[in-house]
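Visitor: Sharing a sequence plus its predicted fold:
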2 protein chains.
Amino acid sequence: MLERIEHRACFGGWQDVYEHASRALGCTMRFGVYLPPQAAAPGARMPVLYWLSGLTCTEQNFITKAGAQRYAAEHGVVVVAPDTSPRGEHVPDADGYDLGKGAGFYLNATQAPWATHYRMHDYVVEELPTLVEAQFPVDDRRAISGHSMGGHGALVLALRNPGRYRSVSAFAPIVAPSQVPWGEKAFTAYLGEDRAAWREWDACALLAGASERLPLLVDQGEGDEFLDTQLRPDLLRAACAEAGHPLTLRLQPGYDHSYYFMASFIGDHLAHHARALQA
Amino acid sequence: MLERIEHRACFGGWQDVYEHASRALGCTMRFGVYLPPQAAAPGARMPVLYWLSGLTCTEQNFITKAGAQRYAAEHGVVVVAPDTSPRGEHVPDADGYDLGKGAGFYLNATQAPWATHYRMHDYVVEELPTLVEAQFPVDDRRAISGHSMGGHGALVLALRNPGRYRSVSAFAPIVAPSQVPWGEKAFTAYLGEDRAAWREWDACALLAGASERLPLLVDQGEGDEFLDTQLRPDLLRAACAEAGHPLTLRLQPGYDHSYYFMASFIGDHLAHHARALQA
């Protein structure tokens, strides 16, 4: 059961928000869908970019602040923006912004009390696309991108699921969660103390065994307040060099971790994904 | 004393927020300034677009949601976005979102307890431009625009101050506040019961005596939930026809009162203002 709770004209198309009962997460979830003007044509089947947001976000942040709709309308791409964790009073939470609600890290948790609801990998990779492809005028051409924790999500989901996405990009991603405080805290809680299990959810660790060579496009602000402590693009560069994996890493002077940074370059990312999706 | 409290790279320029002590309003105020990349050139003197926001907004809404920076960067226009009322614990307020803080209506109040602080006309027309023109790489080429209550502000400030602005536009403006509930409530409180005094702050009433023929560009969503009760573009069309005043009124099918509407057409408004500012 899919209920439309927002419906707003935007750049000739529609920015909608839907609510549905998620089986993977065991709760009610919301997601944004931008339908570009081309989606209204009879028989249209559009490609989809999945956008994964960062810590503290809901489905609202990206759709209200990034300005992606203009470019999605230009290129004819549907953009689906899920929430960042399971939601609801019955869902476990933690103090702080970096664990629990708003901080799902796009993995399947194995530890109590998280394992029941925190299955964002399965939600984003399987349940949500199945729903979207059944209910909207789209086909199975998929791309994925995200910011910060969501950039980690985009890289990890693409690396774990070869063949599923035609392109991947990220803004200021957490590239090596096993090696930085945000990731160490979340992975300890969601996955347990055994660091061997963390490798399956760490982009830099996954690159060594990647069977697909999907080029990575990454933008990173040099003025980002989390650059050296949490993001560490140097580790991504080293891991890609080691694995022989194609990487375009753009260090953007002056830019910080905010939506002003993303808004400035989201047009480049939409163009990148549109090329791959429409090739 | 001007204090910079935000400084964020955006589309090659900087989206800043400043705080200062306002003499006109008797309180501390914040405003956003977008400095496009061209402003960094030695000796640059840029034109300025003043943006007036609607009910409940602060200086943040427009700068985070409208996506205007892209177009301001393209055209080389500085965008200044003030708050919508005086602020602070010592400033009178009222219950409800449509009177008091967040609802200054860009006028000079004459009635107690409002008259001391609620002088947004003088702040926006005089104090703020004087400050901006002294502190930033701009000259006295000014344009003005706004949304809803701020669209009312843009129209009224331009009509009351011939020669001060080179261009004016509005999104979903309150064009005849004397004749609609939002305006009647605010004007009764700020200006008193005598409706004769209201005419000086009502765009449709001011058009009859306008000495300047500055063309009005107005976008209005046909799906706007306030269209028939508060906005009444029909009254603007009639008043312009009566006065022989040039008006481009664009009714946009499906669009509502939100920032999704503004984001969709702000590029057209920036282009309109840039043409006038750079002529």
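Guide: Received, thanks.
Visitor: what's the neighbour count on the closest residue to chain B within the stretch 101-250 of chain A?
Guide: The nearest approach of the stretch 101-250 of chain A to chain B comes at residue A:223, 6.5 Å away (CB to the nearest CB). No exception for glycine: its C-beta is placed from N, CA and C like everyone else's. Residues lying near residue A:223 (other CB atoms under 10 Å in any protein chain shown) number 16.
Visitor: Relative to residue B:267, how far out is it?
Guide: Applying CB to CB, to the nearest Å, the value for residue A:223 to residue B:267 is 27 Å.
Visitor: Straight-line length of stretch A:131-149, end to end?
Guide: Counting by CA to CA, to the nearest Å, you get 24 Å between the two ends of stretch A:131-149.
Visitor: Please spell out which residues along that stretch are buried.
Guide: Buried positions in stretch A:131-149, judged by neighbour count with 16 or more other CB atoms under 10 Å in any protein chain shown: A:131-132, A:136-138, A:141-149.
Visitor: now swap in stretch A:260-274 and tell me
Guide: By neighbour count on 16+ other CB under 10 Å, the buried set for stretch A:260-274 is A:260-267, A:269-270, A:272-274.
Visitor: again, but for stretch A:53-64
Guide: Buried residues in stretch A:53-64, defined by neighbour count with 16+ other CB under 10 Å: A:53-55, A:57-59, A:61-64.
Visitor: Show me which residues of the stretch 1-150 of chain A are close to chain B?
Guide: Contact residues (CB under 8 Å from any CB of the partner chain) of the stretch 1-150 of chain A with chain B: A:8-12, A:15, A:64-65, A:67, A:69-70.
Visitor: Filter the buried residues of stretch A:53-64 down to the ones in helices?
Guide: Per DSSP state H, helices hold the following members of those: A:61-64.
Visitor: biggest separation within the residues of the stretch 1-150 of chain A next to chain B, which pair?
Guide: A:12 and A:65 (19.9 Å; CB to CB).
Visitor: what about the strands in the stretch 51-200 of chain A?
Guide: Using DSSP state E, counting those that start in this stretch, the strands assigned to the stretch 51-200 of chain A run over residues A:78-82, A:138-146, A:167-171.
Visitor: Let me have those strands in a markdown table, extended by mean pLDDT.
Guide: Output for the strands of the stretch 51-200 of chain A, formatted as a markdown table (pLDDT from 0 to 100):
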| stretch | mean pLDDT |
| --- | --- |
| strand A:78-82 | 98 |
| strand A:138-146 | 98 |
| strand A:167-171 | 98 |
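Visitor: of all these, which lies closest to residue B:185?
Guide: Minimum separation from residue B:185 across these (CB to CB) falls at strand A:78-82, 37.4 Å.
Visitor: and the angle from the closest one to strand A:138-146?
Guide: In terms of direction (axes from the mean of the first three to the mean of the last three CA atoms, to 10 degrees), strand A:78-82 departs from strand A:138-146 by 60 degrees.
Visitor: what does strand A:78-82 contact?
Guide: The contact list for strand A:78-82, computed with CB atoms under 8 Å, 6 or more residues apart in numbering or on different chains, reads A:29, A:31-36, A:39, A:46-53, A:59, A:62-63, A:68-69, A:72, A:123-124, A:128, A:132, A:136, A:138.
Visitor: picking up where we left off before, now for the residue of the stretch 101-250 of chain A closest to chain B: which residues touch it?
Guide: Residue A:223 is in contact with A:253-256, B:9, counting by CB under 8 Å, 6+ apart.
Visitor: want to throw these into a markdown table with secondary structure, neighbour count and distance to residue B:88?
Guide: Output for the contacts of residue A:223, formatted as a markdown table (DSSP: H, G, I helix; E, B strand; the rest coil; neighbours: other CB atoms under 10 Å in any protein chain shown; distance: CB to CB, whole Å):
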| residue | secondary structure | neighbour count | distance to residue B:88 |
| --- | --- | --- | --- |
| A:253 | coil | 8 | 37 |
| A:254 | coil | 15 | 33 |
| A:255 | coil | 23 | 33 |
| A:256 | coil | 21 | 29 |
| B:9 | strand | 20 | 30 |
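Visitor: Check those residues and tell me the two furthest apart.
Guide: A:253 and A:256 (11.2 Å).
Visitor: so what sits against both of the two?
Guide: Joint contacts of residue A:253 and residue A:256 (CB under 8 Å, 6+ apart) are A:223, B:9.
Visitor: residues touching the nearest residue in space to residue A:263 that is not next to it in sequence, list them.
Guide: Nearest in space to residue A:263, with sequence neighbours left out and distances taken as CB to CB, 6 or more residues apart in numbering or on different chains, is residue A:67 at 4.7 Å. Each residue near residue A:67 by CB under 8 Å, 6+ apart is listed here: A:263, A:266, B:67, B:70, B:263.
Visitor: What's the mean pLDDT across stretch A:30-42?
Guide: Per-residue pLDDT over stretch A:30-42 has a mean of 98.
Visitor: export that stretch as PDB, just CAs?
Guide: C-alpha atoms of stretch A:30-42 as PDB (Å, rounded to 0.1, in the frame of the first residue of the first chain):
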ATOM      1  CA  ARG A  30       8.600   7.700   3.500                       C
ATOM      2  CA  PHE A  31      10.500   8.400   0.300                       C
ATOM      3  CA  GLY A  32      10.700  11.200  -2.200                       C
ATOM      4  CA  VAL A  33      10.100  10.700  -6.000                       C
ATOM      5  CA  TYR A  34      10.900  13.300  -8.600                       C
ATOM      6  CA  LEU A  35       9.000  12.600 -11.800                       C
ATOM      7  CA  PRO A  36      10.400  14.700 -14.600                       C
ATOM      8  CA  PRO A  37       8.100  16.100 -17.300                       C
ATOM      9  CA  GLN A  38       9.100  13.200 -19.700                       C
ATOM     10  CA  ALA A  39       7.500  10.700 -17.300                       C
ATOM     11  CA  ALA A  40       4.000  12.000 -18.200                       C
ATOM     12  CA  ALA A  41       4.400  10.800 -21.800                       C
ATOM     13  CA  PRO A  42       2.200   7.800 -22.600                       C
END
